[in-house]
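Colleague: Provided below are the primary sequence and the corresponding predicted coordinates.
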Amino acid sequence: MMSFVWKRLLGTVPSLLGVIVLTFFISHALPGDPAAFFAGPAANAASIANIRTTLGLDRPLPEQFLHYVNDLAHGNLGRSLTTGQPVLTDLVERLPASLELSAFALLFAVGLALPLGVWAATRVNGPVDHACRALVTVSAAFPTFFVGLLLVYIFYFLLGWAPQPLGRLNEIAFSPPPHVTGAYTVDALIAGDWVVLRATLAQLVLPAISLGLFALAPIARITRAAMLEALSSDFVRTARASGLPVGKILITYAFRNVLLPVSSVLGMVFSFLLGSNVLIEQVFGWQGVGAYAVSAVIASDYAAVQGFVLMMATLYVLLNLAVDIFAALIDPRVRFEG
C-alpha cells in the first residue's frame, strides 16, 4: 500500500510544476495594472511607476518567475495587495469556510443522490426512474447562483424561514465560537455552544443546498448506472436464485460493488464544489477563498490569484490521492493494477 501511495505522490509532481508555471504566466496576462490599483485613482504616472518598481513588476517576466519560485521554496506565497496580509495567511483564514460549505453541500448531495440512484435502478423505466432522471436533469440545468438567488427569494424574502444571507453567522446577534479549526460548526460543537451551532447551521442550509443540487446530478447518474450493472451481473442472479432476501442482495452484494465508481466520482465532485463555490460565496456573502479569489482577479492581485490556484491544485491532487487510496482499500485489484 505504501508503495502504491508513493507512486501516486510522485506522479503528482509534474502536475504541480505545470500548475505553478501556467498560473504565473496566465495571471500576469490578466487585464489591469496592480500598481495602478494599489496607487489609487488620484495617482499620477510617476507614483504608479514607483510602486511598480517597489513591487518588482518592472522586471522581465522570467526574472519575476524565478523570484516567485524562490519564494515558493521558502513557503512564501507573497503579499496580497487587496488585504495587505501574506497570501498564505489569507488562504489559511478563509479555507475552513469554503471547506465547511463544500462538505455540507456534498453531504446533502450524497444523502439525496445515493438513495435516488439505487431506487431508480430497482424501478427501471418506471415512474420513480423517470422522476429521478427529471430531478437530476433539472438540478444540473440551472446555474448555482440562480438557484441560490431563487432560494433566498422564496425562503428569506417571501416566507421568512431563513436568516439573512449575509455570511457564516449573524455576528450582531451571535459571537463566533472560539477558534479551533476555523469551521464554525465544528468549533461550536467543540465549545458545546448549541445556540451558535443552530445559528451556523441555519446560515449553511441555503448555500449548501444551492451548491449541492448541482453536485447531485453526477452522483445520482453514476449510482444508477453502477447499480444497474451490478443488478444484471451473474453473482446477483445467483443470489436471487439461492433465495436470499432482497434487502441483503441490494445492500451486501449489489451496493457494495457500486462503492468503487461512486467513490471515484466523489473526489472529483468535491474538487468541483471547492472551485465552483465562488458564485455561491458571492450570493450569500460567504467569506471563503472563492470570494477572496474574485476580489483578487478584479484587482489584478497576482500573488493572491497565484496562491489561490496553487492551493486549489494541491487540494485537488490530495483529494484524488485520497480517492485512489480508498478505492484500493475497497478493491485490492486497483492496488495491484496500479
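Modeller: Right, received. Where do you want to start?

Colleague: quick one: residues contacting Ala173.
Modeller: Ala199 (C-beta atoms under 8 Å, 6 or more residues apart in numbering). Yep, even glycine has a C-beta here, placed from its N, CA and C like the rest.

Colleague: where does it fall, secondary structure wise?
Modeller: Assigned by DSSP states H and E, Ala173 falls within no helix or strand.

Colleague: and the longest helix for the chain?
Modeller: helix 194-231 (DSSP state H).

Colleague: and the strands in the stretch 51-200 of the chain?
Modeller: Assigned by DSSP state E, counting those that start in this stretch, the stretch 51-200 of the chain shows no strands.

Colleague: quick one: low-confidence ranges for it?
Modeller: 55 (pLDDT under 70).

Colleague: what is the next helix or strand after the longest helix of the chain packed up against?
Modeller: As assigned by DSSP H and E, the chain's next helix or strand after helix 194-231 is helix 234-241. Judged by 3 or more C-beta pairs under 8 Å, 6 or more residues apart in numbering; DSSP states H and E, helix 234-241 has no packing partners among the helices and strands.

Colleague: buried residues in helix 234-241?
Modeller: By neighbour count with 16 or more other C-beta atoms under 10 Å, helix 234-241 contains the buried residues 236, 239.

Colleague: need the mean per-residue confidence for it.
Modeller: The pLDDT scores in helix 234-241 average 81.

Colleague: contacts for that helix next, please.
Modeller: Contacts for helix 234-241 (C-beta under 8 Å, 6+ apart): 230, 248-249, 253-254.

Colleague: among the residues you listed, which two are most distant?
Modeller: Ala230 and Lys248 (13.7 Å; C-beta to C-beta).

Colleague: so these two - more neighbours on which side?
Modeller: Remark: of Ala230 and Lys248, Ala230 carries more neighbours, 20 against 11, as counted by other C-beta atoms under 10 Å.

Colleague: spatially central residue in the protein, please.
Modeller: Leu274 (1.6 Å; C-alpha atoms, centre = their mean).

Colleague: surely that residue touches Leu101?
Modeller: No. With contact defined as C-beta atoms under 8 Å, Leu274 does not count as touching Leu101 (9.1 Å).

Colleague: what are the phi and psi values at Glu281?
Modeller: In this entry, Glu281 is assigned phi and psi values of phi -60, psi -30 (degrees, to the nearest 10).

Colleague: contacts only, for it.
Modeller: Neighbours of Glu281 in contact, by C-beta under 8 Å, 6+ apart: 98, 101, 207, 287-288, 290-291, 294.

Colleague: how close does Lys248 sit to Arg240?
Modeller: 11 Å (C-beta to C-beta, to the nearest Å).

Colleague: next: Pro207.
Modeller: 44 Å.

Colleague: give the contact list for Gly285.
Modeller: By C-beta under 8 Å, 6+ apart, the neighbours of Gly285 are 165-167, 291.

Colleague: at 6 Å instead, please
Modeller: By C-beta atoms under 6 Å, 6 or more residues apart in numbering, the contact list for Gly285 reads 166-167.

Colleague: same thing with the one 5 residues further on?
Modeller: Remark: with contacts taken as C-beta under 6 Å, 6+ apart, Gly290 is in contact with 277-278, 281.

Colleague: wasn't Leu250 part of a strand?
Modeller: No. Applying DSSP: H, G, I helix; E, B strand; the rest coil, one finds Leu250 to be helix, outside a strand.

Colleague: need the worst-confidence member of the contacts of helix 234-241.
Modeller: Where pLDDT dips furthest among the contacts of helix 234-241: Tyr253, at 75.

Colleague: nearest to Gly78 among the contacts of Glu281?
Modeller: Distances from Gly78 to the contacts of Glu281, taken by C-beta to C-beta, are shortest for Val294, at 18.1 Å.

Colleague: need the pLDDT of the residue nearest to the closest one when sequence neighbours are not counted.
Modeller: Using C-beta to C-beta, 6 or more residues apart in numbering and skipping residues adjacent in sequence, the residue nearest Val294 is Val278, 5.9 Å away. Per-residue confidence (pLDDT) for Val278: 80.

Colleague: quick one on the thing from earlier: what angle sits between the longest helix of the chain and helix 234-241?
Modeller: If you take axes from the mean of the first three to the mean of the last three C-alpha atoms, to 10 degrees, helix 194-231 sits at 90 degrees to helix 234-241.
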